[in-house]
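Student: Any chance you could fold what I've pasted below:
(chains A and B)
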There are 2 protein chains.
Amino acid sequence: MSDSTSATAASIYETIETIAQNARKASRLLADASTAVKNNALEAMAKALNDQSAKIISANAKDLAQGAKNGLSSAMLDRLKLDEKRIAAMAKGLLEVAALPDPVGEVTEMKRRPNGIVVGRMRVPLGVVGIIYESRPNVTADTAALCLKSGNAVILRGGSEAIHSNRAIAEILAESAKAAGIPENAIQLVPMTDREAVLAMLKMEKHIDIIIPRGGYELIRFVTENSLIPVIKHDKGVCHVYVDKAADLEMADKIVLNAKAQRPGVCNAAETLLVHQDVAEKFLPMCAKTLGAAKVEIRGCEATRKIIPGAKAATEEDWYEEYLDLILAVRVVKDFDEALDHIAQYGSGHTESIITNDYKTAQEFLRKVDSSAVMVNASTRFNDGGEFGLGAEVGISTQKLHARGPMGLVELTSLKFIVYGDGQVRQ
Amino acid sequence: MSDSTSATAASIYETIETIAQNARKASRLLADASTAVKNNALEAMAKALNDQSAKIISANAKDLAQGAKNGLSSAMLDRLKLDEKRIAAMAKGLLEVAALPDPVGEVTEMKRRPNGIVVGRMRVPLGVVGIIYESRPNVTADTAALCLKSGNAVILRGGSEAIHSNRAIAEILAESAKAAGIPENAIQLVPMTDREAVLAMLKMEKHIDIIIPRGGYELIRFVTENSLIPVIKHDKGVCHVYVDKAADLEMADKIVLNAKAQRPGVCNAAETLLVHQDVAEKFLPMCAKTLGAAKVEIRGCEATRKIIPGAKAATEEDWYEEYLDLILAVRVVKDFDEALDHIAQYGSGHTESIITNDYKTAQEFLRKVDSSAVMVNASTRFNDGGEFGLGAEVGISTQKLHARGPMGLVELTSLKFIVYGDGQVRQ
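Tutor: Residues are numbered from 1 along each chain as shown, chains lettered A, B, ... in the order given. Modelled structure (predicted):
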């Protein structure tokens, strides 16, 4: 995670502190920017990305060359690559954020209290958002847009593998935003890829209000262990589909296939299938055939392997695994409670779905499963800001505080109490 | 913070892990407990506190004796002391929580999406709440009641100065709750007062969902630096009253007196008064007279001291200070913007109030000041769960994530998405 910069830890800390202080100053001005100014800026930023695509592609070529030298897989290189079409898609994303309603300034729950003060809540930006990511360079544009629309200054800290692309994109966005009337330093990219820069960010609790890490286990653990700033984790998704004894098995078959195989590399794809023992003998052969045709490997418990003799054996580790691949762990459970226990023990609190036609069981599953999204008779793949009607999202939060599930514009804001009085004092 | 226990760090960690695992198990059952069961338990707990007051008073006597030996001030000893009347007040607090509406299970925002899935949000408990406090022993009963009503298992970790009282109260509450049908281990007190016990709690991110520290700067810093669990801080209140040039000065005089002196030792008391230069010569002499009669010491800026010659000089440190005492820092500002800048620089984001009759200035203050409560023409002392109509509170959160301002029952819950489908798969 370090590169050729010869900066010392102390000078890195100073650079990050300056960035964070400037972000704080910008955030005070941006919090009060009108929706019109913010939308105009997003449109100008989209235009600038398209107009200056050559600059981005040329920067991206450096990352691709470095990546090839470092032995990145061709799949990784493809994720990293930017071309005209992908840049146009990024620009379109900015226009979609411009079209979303502005959450800032909404006042709700205004009530008059017995002594005459009128108390309500006003929706306001969080302030300064720090995003630490390892993903594709389009995250730079997406998150900058969501933060700007929600009135937050953003500090972006992308991975070293995309540093040239990220720098080019951030520079274009920051310049075009400023030209459109957005305060200077509302969008900043950390220029260094040293891990010390991340560490310094995590200590800026005076200037940064929230840290959102997006990446692998190691990154998220590092951030959680070192941050003095509240963190919203976008952690792994070990999602379950539970096929109840009262399931429509044809529906279950279609949903299991979709949840596992429609896009296996994402966090809301299913990783474990639980099947009630009463329907296992009928359902598992159907399911094995469908999954086999989609090239999904099954790793089963003992009971599963009796019914599907070709299946590999699942180990204890498999129940915790987020494969992000065409692999599905399968377990036969003796009843509904065993399914609930399995999910409570091995699940990551992301997304779980039950397939059943039993009213009471469906309601109980919705109540008792403690995950960011709990579903009946639907694919886990629907846990997504767009599918839920929230618009674009920063990611899917797997924690319970502040934001749970898809984290969109509203989740990038906070509520403060406002009070209108006419001279009241406390008795 | 350590006592006479000879436990090693390893055995402390094990004890805390067992407590945390048991709390997690209890939380799954408690999350689904009916409102009737929870309310009956709260009533039984209130009765048990009154019935067993002799046991509490006898335990409290040990804390008082130890406190006197350790040289606690008489004010501190008074805060620590429990008698029949104070125990009856604790019991009444439990009945008040029973009377509040149950937030768990509420479903909102149900909407049908274009593909026919119906998506909404269900309010659910956070799970396991860890409370680390240094305050009076009544916190033990208050927070246990709020956590129980909101469906959360609670792990209480009080300070060493009240350990005997806390143990007696927690034991009575846990036993009477269990007898009333609440799952075992829903209410647990950490029996050790070693700091290692706090450290161990902060590492139980698998079993504890939220940590709420309530205490001084050192405790809050220690918790923030060491926690792998999300923390909701209940930090200091450096609250401001700003008397605008368009203020009703008689109203301002009454509000400043109330905000400072009605109960100076609490977080929503005012610590700094800002006065617009246009009204300083008229207002400050009035104000000095009123505050003087209430024995409030003024620490003024240079301009203030020209108008009130007897005032002490304020240093740079005074603007950051939470006196919690009959002392008020006073500064004359040249305009509204200088007041906003002062609050942004020195404030703690707790509570600020403007006194003005100017419509535009009032609205701008409400919009631009970034605090948990922002007020016009009212005393800062109103930032309180009861005064705002939320009922009892765990405390007042000074951070922006999840809960900002008074933290009541609703803030001890989270929202999960629920989805009703009839076989939908993602395209």
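Student: A:Gly158 contacts A:Arg136, doesn't it?
Tutor: No. Assessed by C-beta atoms under 8 Å, A:Gly158 is found out of contact with A:Arg136, at 9.4 Å. To be clear about C-beta, it is placed using only N, CA and C from the backbone, and glycine gets the same treatment.
Student: the helices in the stretch 1-150 of chain A, which residues?
Tutor: Along the stretch 1-150 of chain A, the stretches classed as helices by DSSP state H, counting those that start in this stretch are A:9-30, A:35-51, A:53-69, A:74-80, A:84-99, A:138-149.
Student: Show me the one of these that comes nearest B:Gly216.
Tutor: The closest of the helices of the stretch 1-150 of chain A to B:Gly216 is helix A:9-30. By C-beta to C-beta, the value is 25.7 Å.
Student: how far does the closest one sit from the chain's center?
Tutor: 25 Å (C-alpha atoms, centre = their mean, to the nearest Å).
Student: Check which helices and strands it is in contact with.
Tutor: strand A:128-133, strand A:153-157, strand A:187-189, helix A:195-202 (3 or more C-beta pairs under 8 Å, 6 or more residues apart in numbering or on different chains; DSSP states H and E).
Student: what's next to that helix, contact-wise?
Tutor: The contact list for helix A:9-30 (C-beta atoms under 8 Å, 6 or more residues apart in numbering or on different chains) reads A:7, A:125, A:127-128, A:148, A:151-155, A:182-186, A:188, A:190-192, A:194, A:196-197, A:200-201, A:203-204, A:206-208, B:344, B:368, B:370.
Student: Type out the PyMOL command that picks the buried ones from those residues.
Tutor: What follows is the PyMOL syntax for the buried subset of the contacts of helix A:9-30, where burial is set by 16 or more other C-beta atoms under 10 Å in any protein chain shown:
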select buried, (chain A and resi 125+127+128+148+151+152+153+154+155+182+183+185+186+188+190+192+194+196+197+200+201+203+204+207+208) or (chain B and resi 344+368+370)
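Student: Near chain B, which residues of the stretch 151-300 of chain A? Just list them.
Tutor: A:205, A:209-210, A:224-225, A:228, A:230-232, A:248, A:251, A:254-255, A:257-259, A:262-263 (C-beta under 8 Å from any C-beta of the partner chain).
Student: After the helix or strand that contains A:Val256, which helix or strand is next?
Tutor: Secondary structure assigned from DSSP states H and E places A:Val256 in helix A:249-261. Where DSSP H and E defines the elements, the next helix or strand beyond helix A:249-261 is strand A:270-276.
Student: Please list the residues of the stretch 1-150 of chain A that sit near chain B.
Tutor: Residues of the stretch 1-150 of chain A lying near chain B (C-beta under 8 Å from any C-beta): A:Arg28, A:Ala31, A:Asp32, A:Gly105, A:Lys111, A:Arg113, A:Ile117, A:Val119, A:Met122, A:Val124, A:Leu126, A:Gly127.
Student: Residues in a beta bridge with A:Arg121, which ones?
Tutor: Counting by DSSP bridges, A:Arg121 forms beta bridges with A:Thr108, A:Phe417.
Student: so what's it up against?
Tutor: Shown here is A:Arg121, whose contacts under the criterion C-beta under 8 Å, 6+ apart are A:Val107, A:Thr108, A:Glu109, A:Leu415, A:Lys416, A:Phe417, A:Ile418.
Student: tell me the pLDDT at A:Ala7?
Tutor: A:Ala7 is assigned 67 on the pLDDT scale.
Student: ok, now A:Ser74?
Tutor: 89.
Student: Sitting in strands, which of the residues of the stretch 1-150 of chain A next to chain B do you find?
Tutor: The strands in this structure, assigned by DSSP state E, contain A:Lys111, A:Val119, A:Met122, A:Val124 from the residues of the stretch 1-150 of chain A next to chain B.
Student: Need those in TSV (columns: neighbour count and pLDDT).
Tutor: As requested, those are arranged in TSV below (neighbours: other C-beta atoms under 10 Å in any protein chain shown; pLDDT from 0 to 100):
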residue	neighbour count	pLDDT
A:Lys111	10	96
A:Val119	23	97
A:Met122	19	97
A:Val124	28	97
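Student: of those residues, closest to chain B?
Tutor: Nearest to chain B among those, counting by C-beta to the nearest C-beta, is A:Val119 at 5.1 Å.
Student: Great, nothing more from me.
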